[in-house]
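# Take this sequence and fold it.
(chains A and B)
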Amino acid sequence: MTATTTTRMESVTLLRQRYRRAFIALLAYGVLAVAATVALFPVFWMASSSLKPGPELFARDMTLLPVNWTLENYRNVWNNTNFPRYFWNSFQVAALSTILSVVISMYAAYALARIQFAGRYAFGLLMLVTQMFPHILLVLPLFLIIQRIGLLNTHAALIIAYTAFSLPFTIWLLRGFFESIPEELEEAAAIDGASQLMTFHRIILPLAGPGLAAVTMFGFIRGWNEFLFALVFLQSRELFTLPIGLANFQEEYTFRWDLIMAGAGIITLPVLFLFLLMQRFIVQGLLGGAVKG
Amino acid sequence: MYRRRRARFAYFLILPSLIVITLLDLYPVIEGVFVSLQNQNMMRPNPEAYVGLRHYTRALFEDIVFWSSVGKTLIWTAGSVIGGYIVALCLALLLDRELQGRNFFRALFLLPWVIPDVCTALLWKWLYGDEFGVINFLLLQAGLIETPVQWLANPDMAMGSVIVVQIWKLYPVMFVVLLAALQNVPRELHEAATIDGATTRQAFWYITLPFIRSTSVIITLLASIWTFQSFDVVYLLTGGGPSGATRILPTLIYEKAFWGLEMGYATALGLLMLVCLLAISVAYLFVYRTQRGEA
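So this is what the prediction gives:
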């Protein structure tokens, strides 16, 4: 008799526990849904506004979703402003500076990860400290230097600057990826008589693929989004990159929020696409960069 | 022999990076030191005249605007980092459980991080608008306010408004990092605590918090460094206004350098800022080390 009551009591508690758990899970989902709505509302509003025709955008009675949704704003930005020009400029600058910084940094990252040399610690420290330099400080003397060597108002100045500023972060991140590659592999290659550089190119580099993809994306997003240096270095409108091009809309097309929101949408879409494509790598990169750094 | 060859190989590998960093990170700072000791005022003749520490003494002892800007920068940084940390921790705690679609939610909450600064700033300007801004519209509809609030144009509101934007920009990275740290807390510890009769709050204070302490220190330090020197959001939202209410150091420096044309003074301010940043970092790391030493 005692045995059956205990099992029955046990099953009742188990059931109760299960209900409790289900309730907590439900509650968690509810809170998450509310939090996500609040956090993402601005993005939703940007998308919604960019798809509304002008009269709806400035209507007294706002609607959450466009009533007569349209791509007209996007067409206007693309056909009637300098936006395609800015888009191409941004792409060039971001892509070139990313390629440069990834190629330069992968060698340094490998040395930092795998080789014992005098000054290794100092070099690592330098990477950390330079990441801390405020850009608003660097931009002033760089402005004078760039002016002196006649590179003011050129894309070259931006490409050089972006390359330099993503180097420390890229090196730091790639170093983590190289460290995770088994050391035996290169030892075997060294015994086989491959040169050090060849070992790196043929054996290590292919294995660091995900890391290289991650830093490439980080670099590209950084160049694509950068504002301050572009603002200071560029003067002619035809050289503008997307961020300053869009910021300039505020004066150029006052109160044209239809154009501004569609423009913001165009700048965001490529980055969003990269983000969704490589979400896992981004999280890895953030953790590697932030927690180790 | 092999080791020496290996070391030489290492120098060869780091050389390009070292050159680029020296030319574009270290050299400008050194040049900046020289510029900060020169006149470099484009309104006056003889820009390269040596003026000693005059720019520094002017900032530290004469310029009220500088000190008020330092205060604003501290409020801006502390408000954004504390706010961002609280939001991030709440979200991370919420997602730190067996949950269907956890990765989906993580991606969702990370999303504001990828929105480019310019878009973030202009988007919030649109949200904050007094006539056509949706925030005012919703508050009016809900009957919480009677006239539209001037979120960015009212000097009493502006700082709070820009801090909210910075929190929105800052919390995603903190959240991802904290979530990863929470997932490293061994489940057995929580189970043992529950068996021993600990309440949820006790479990949080004595198990969870010590485990995420070092991560919290590092991520709040990084967030402070980012926010302390961030320029884009405030510049684009308020330009430092209204009447200087959001004039943080980066916007003050920009103003001095490119509107006031006082390059020397602006550079001196920038260097003072760098010193502050380094001091914050060293202090933080010191606290972090001693804490870890005790634990």
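# Please make it C-alpha for all contacts and neighbour counts, starting now.
Noted.
# Quick check: closest non-adjacent residue to A:Y74.
The shortest distance from A:Y74 to any residue other than its chain neighbours is 5.3 Å, reached at A:A262 (C-alpha to C-alpha, 6 or more residues apart in numbering or on different chains).
# Does the residue of the stretch 51-200 of chain A found nearest chain B lie in a helix or a strand, and which?
In the stretch 51-200 of chain A, the residue that lies nearest chain B is A:A108 (4.3 Å; C-alpha to the nearest C-alpha). A:A108 is part of helix A:83-114 when elements are defined by DSSP states H and E.
# The helix or strand that that helix is followed by close to chain B?
Sequence order places helix A:120-132 as the next helix or strand after helix A:83-114, per DSSP H and E. Yes. For helix A:120-132 and chain B, the contact criterion (C-alpha under 8 Å from any C-alpha of the partner chain) is met by A:130, A:132.
# and what of stretch A:227-239?
Yes. Against chain B, stretch A:227-239 shows contacts by C-alpha under 8 Å from any C-alpha at A:227-228.
# what comes into contact with that stretch?
Residues from elsewhere that reach stretch A:227-239, judged by C-alpha atoms under 8 Å, 6 or more residues apart in numbering or on different chains: A:82, A:85-86, A:89, A:135-136, A:139, A:143, A:152-155, A:157-158, A:161, A:240-241, A:243-245, B:117-118, B:231-232.
# Pass me the low-pLDDT residue ranges in chain B, would you?
B:1, B:42-43, B:45, B:288, B:291-295 (pLDDT under 70).
# tell me, what residue is most central in it?
B:T227 (1.6 Å; C-alpha atoms, centre = their mean).
# Can you name the element that comes right after the helix or strand containing that residue?
For B:T227, the host element (DSSP H and E) is helix B:209-228. Going down the chain from helix B:209-228, the next helix or strand is helix B:232-237, by DSSP H and E.
# wait, does the following helix or strand past that following helix contact chain A?
For helix B:232-237, the following helix or strand on the C-terminal side (DSSP H and E) is helix B:249-254. Yes. Against chain A, helix B:249-254 shows contacts by C-alpha under 8 Å from any C-alpha at B:250, B:253-254.
# packing partners for helix B:249-254?
helix A:135-148, helix B:64-95, helix B:263-294 (3 or more C-alpha pairs under 8 Å, 6 or more residues apart in numbering or on different chains; DSSP states H and E).
# Leaving out chain neighbours, which residue sits closest to the residue in chain B that chain A sits nearest to?
For chain B, the residue closest to chain A is B:I14, as judged by C-alpha to the nearest C-alpha, at 4.3 Å. Of all residues not flanking B:I14 in the chain, A:A108 sits nearest, at 4.3 Å (C-alpha to C-alpha, 6+ apart).
# you'd agree that neighbour is up against A:I171?
Yes. In this structure, A:A108 is within contact of A:I171 by C-alpha atoms under 8 Å, at 6.6 Å.
# counting contacts, what elements does the helix holding B:T227 pack onto?
Against helix B:209-228 (3+ C-alpha pairs under 8 Å, 6+ apart) you get helix B:64-95, helix B:155-182, helix B:263-294.
# List of residues touching it?
Against helix B:209-228 from outside (C-alpha under 8 Å, 6+ apart): A:132, A:290-291, B:73-74, B:76-78, B:80-81, B:85, B:166, B:170, B:174, B:177-178, B:181-182, B:185, B:277, B:281, B:284, B:288, B:292.
# are any of the residues you listed buried, and which?
Neighbour counting with 16 or more other C-alpha atoms under 10 Å in any protein chain shown marks A:132, A:290-291, B:73-74, B:76-78, B:80-81, B:85, B:166, B:170, B:174, B:177-178, B:181-182, B:185, B:277, B:281, B:288 as buried within the contacts of helix B:209-228.
# so where's the stretch 101-250 of chain A shaky on pLDDT?
Checking the stretch 101-250 of chain A against pLDDT under 70 turns up A:191, A:193.
# and the gap between A:L57 and B:G79?
33 Å (C-alpha to C-alpha, to the nearest Å).
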